[in-house]
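In: no sequence on this one, just coordinates:
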């Protein structure tokens, strides 16, 4: 959404591409030579002496390729027009452009991002990625739950003025905007993309409002789609939102799916490291300590998600998220143990082919892909070498010992608010274990019990928030 203010064009490089006298092929060649433009600005006259002339129509290139907006109509009847075939499309869409116009391809722009959950693991790594690409990414907003000191230090380093805290008390003590509305205001403000990396359903309302406000979404909080995929994904389609996954598993599938449709997919196969208790029996897990559960063999993550990895609840939540992200049935999504964490996920197609995405376990790579999609830029990350990990192994998941995946399928088939209840009960139980209020094996047992007590209803936003509140209350009761 570019306005006519000069400030909105800071740091841009414009390449004029005159329409008059050019064939479709020559325009295509100019685009290819210049590289894929991130923005296309079509104006009725050259932008001489600044940017005082507001464009008649502006489209983000990601909205054009793919997909093509069916309402691509410039309605400039005051100019002589000629038929024009859009050069970035395989299909033919005839629009009419004024013969006196110019196409301006912006070859590089500064994408302005807001990070919800900046003090968490994903938030910190997102900042690292942004700092690696200062010509492409600029952090313009930060939000955290209650850690004002760390967030303010981040804001000072990034020269970022827009901050907010979810915890109103902590916000008031530090003179920072606080509460859910402050988070929503940040997510719907002056930015291009919102990185949703907050734990739990705190990120649900800001995500919904950001979609409605026309923002791009980079989603790391799997709970948003687990709890409300039936609400969020129709909005993504309605608003033609660029919605990129940050989770390594979903990023892998997203990359493998480029150029393919859900109708061509046989199944999606998520990989799991197995966590610290791979190969253990239920009997062996009876005396698990918090320290044991937090000792993940591969990934360095936050406390709650590390516990989810130990119970394999993270993989259960990811199967639900994949169902919504890639528009497949829950029975088309499975998971396998892959201890080396090199193959991040696999896509099996109906012709029998299987595509996978491989790389060292480093979240900065899927974060960068989500932020810069569809571009691939060089970075300082170590590239994977197949010779260094010649033995890649896969194992079936023992769902009797780790029944979370069974509960996930059950929740989706029950439908309505049931996945939201599963997610909320798990969050309370996992945090309860970290606080010493329950045992490791009881985490999934509590989730199962809360689900048994719930009667799902239609998943409106109001019903989802009520189901979330109810499930947390039930879980706390079972731990007391």
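Out: Sure, I can see it. Note that the structure is predicted; figures quoted are calculated from it, not measured. Numbering: from 1, shown residues only.

In: Just to check, residue 380 is in contact with residue 132?
Out: Yes: taking CB atoms under 8 Å as the definition, residue 380 is a contact partner of residue 132 at 6.7 Å. For the C-beta atoms, the positions are set from N, CA and C on the backbone; glycine is no exception.

In: neighbour count winner among those two?
Out: Between residue 380 and residue 132, counted using other CB atoms under 10 Å, residue 132 has the larger neighbour count: 16 against 7.

In: For that one, report the pLDDT, please.
Out: Listed pLDDT for residue 132 reads 95.

In: any idea how far residue 245 is from the closest residue to residue 412 other than its chain neighbours?
Out: Among residues not flanking residue 412 along the chain, residue 330 sits closest, at 4.3 Å (CB to CB, 6 or more residues apart in numbering). Separation of residue 330 from residue 245 (CB to CB, to the nearest Å): 17 Å.

In: Please apply the same query to residue 418.
Out: Distance of residue 418 to residue 245, computed by CB to CB: 23 Å.

In: Check residue 346 too.
Out: From residue 346 over to residue 245 the distance is 15 Å, taken as CB to CB.

In: just the strands in the stretch 201-350 of the chain please.
Out: Under the criterion DSSP state E, counting those that start in this stretch, the stretch 201-350 of the chain contains strands at 216-219, 243-245, 265-272, 333-337, 343-349.

In: in the one helix or strand residue 447 maps to, what counts as buried?
Out: Using DSSP states H and E, the element containing residue 447 is helix 442-453. Neighbour-count burial for helix 442-453, counted by 16 or more other CB atoms under 10 Å, picks out 442, 443, 444, 446, 447, 448, 449, 450, 451.

In: In terms of neighbours, single out the busier of residue 330 and residue 245.
Out: Using other CB under 10 Å as the criterion, residue 330 and residue 245 rank with residue 245 on top: 27 against 18.

In: Pretty sure that one sits against residue 254.
Out: Yes: using CB under 8 Å, residue 245 is in contact with residue 254, at 5.4 Å.

In: give the contact list for the most centrally placed residue in the chain.
Out: The residue lying closest to the centre of the chain (CA atoms, centre = their mean) is residue 219, at 1.9 Å. Contact analysis of residue 219 by CB atoms under 8 Å, 6 or more residues apart in numbering lists 196, 207, 225, 243, 244, 245, 246, 247, 370.

In: How about residue 335?
Out: By CB under 8 Å, 6+ apart, the neighbours of residue 335 are 269, 270, 271, 272, 312, 315, 318, 319, 397, 405.

In: And stretch 428-444, end to end?
Out: End-to-end distance of stretch 428-444 (CA to CA, to the nearest Å): 11 Å.

In: what does that stretch rub up against?
Out: Taking CB under 8 Å, 6+ apart as the rule, stretch 428-444 contacts 282, 285-286, 288, 290, 293, 303-304, 307-308, 310-311, 313, 402-404, 407, 426, 446-447, 471-472, 475-476, 479-480.

In: With stretch 364-379 instead?
Out: 36, 62, 111, 113, 122, 125-126, 128-130, 132-133, 136-137, 193, 195, 218-220, 242, 244-248, 251-252, 254-255, 258, 344, 359, 381.

In: Please pick the buried ones from those.
Out: Among these, the ones that count as buried by 16+ other CB under 10 Å are 62, 111, 113, 122, 125-126, 129-130, 132-133, 136-137, 193, 195, 218-220, 242, 244-248, 251-252, 254-255, 344, 359.

In: Could you pick out the longest helix of this structure?
Out: Taking DSSP state H as the criterion, the chain has its longest helix at helix 461-479.

In: And that one, how far out from the chain middle?
Out: Distance, stretch centre to chain centre, for helix 461-479: 25 Å (CA atoms, centre = their mean, to the nearest Å).

In: Then stretch 448-460?
Out: On the basis of CA atoms, centre = their mean, stretch 448-460 sits 26 Å off its chain's mean C-alpha point.

In: Need the contact partners of that stretch.
Out: 228, 230-231, 403, 407, 410-411, 414-418, 420-422, 425, 463, 467, 470-471, 474-475, 478.

In: Try it again at 7 Å.
Out: Stretch 448-460 is touched from outside by 228, 230-231, 407, 411, 414-418, 420-422, 425, 463, 471, 474-475, 478, with contacts defined as CB atoms under 7 Å, 6 or more residues apart in numbering.

In: Could you identify the buried members of the residues you listed?
Out: If we count by 16+ other CB under 10 Å, the contacts of stretch 448-460 have these buried: 228, 230-231, 407, 411, 414, 416-418, 420-422, 425, 463, 471, 474-475, 478.

In: Figure out how far stretch 243-260 is from the centre of its chain.
Out: Offset of stretch 243-260 from its chain centre (CA atoms, centre = their mean): 10 Å.

In: so who does residue 321 touch?
Out: By CB under 7 Å, 6+ apart, residue 321 lies in contact with 222, 225, 226, 250.

In: If you average the pLDDT over the longest helix of the chain, what comes out?
Out: On average, the pLDDT along helix 461-479 is 96.

In: Report the buried residues of it.
Out: By 16+ other CB under 10 Å, the buried positions in helix 461-479 come out as 463-465, 467-468, 470-472, 474-476, 478-479.

In: go on, stretch 375-384?
Out: For stretch 375-384, burial by neighbour count (16+ other CB under 10 Å) applies to residue 379.

In: Then stretch 273-286?
Out: Neighbour-count burial for stretch 273-286 flags 273, 274, 275, 276, 277, 278, 280, 285 (criterion: 16+ other CB under 10 Å).

In: With distance to residue 354 and pLDDT as extra columns, can I get those residues in a markdown table?
Out: Shown next, in a markdown table, are the buried residues of stretch 273-286 (distance: CB to CB, whole Å; pLDDT from 0 to 100):
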| residue | distance to residue 354 | pLDDT |
| --- | --- | --- |
| 273 | 20 | 91 |
| 274 | 21 | 89 |
| 275 | 24 | 87 |
| 276 | 29 | 90 |
| 277 | 28 | 91 |
| 278 | 23 | 91 |
| 280 | 29 | 91 |
| 285 | 32 | 92 |
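
In: Next, format these as CSV and append distance to residue 236.
Out: Shown next, in CSV, are those (distance: CB to CB, whole Å):
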residue, distance to residue 236
273, 29
274, 32
275, 31
276, 35
277, 36
278, 35
280, 39
285, 38
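
In: Which members of those residues are the farthest-apart pair?
Out: Using CB to CB, the buried residues of stretch 273-286 span at most 16.7 Å, a distance reached by 273 and 285.

In: Determine which two of the contacts of residue 335 are furthest apart.
Out: Spatial extent of the contacts of residue 335 (CB to CB) is set by the pair 269 and 312 at 14.9 Å.

In: Just want to know which of the two has more residues nearby.
Out: residue 312 (28 against 23).

In: For the nearest residue to the more buried one once chain neighbours are set aside, report the pLDDT, please.
Out: Nearest non-adjacent residue to residue 312, counting by CB to CB, 6+ apart: residue 402, 4.2 Å away. Residue-level confidence at residue 402 comes out at 95, pLDDT.
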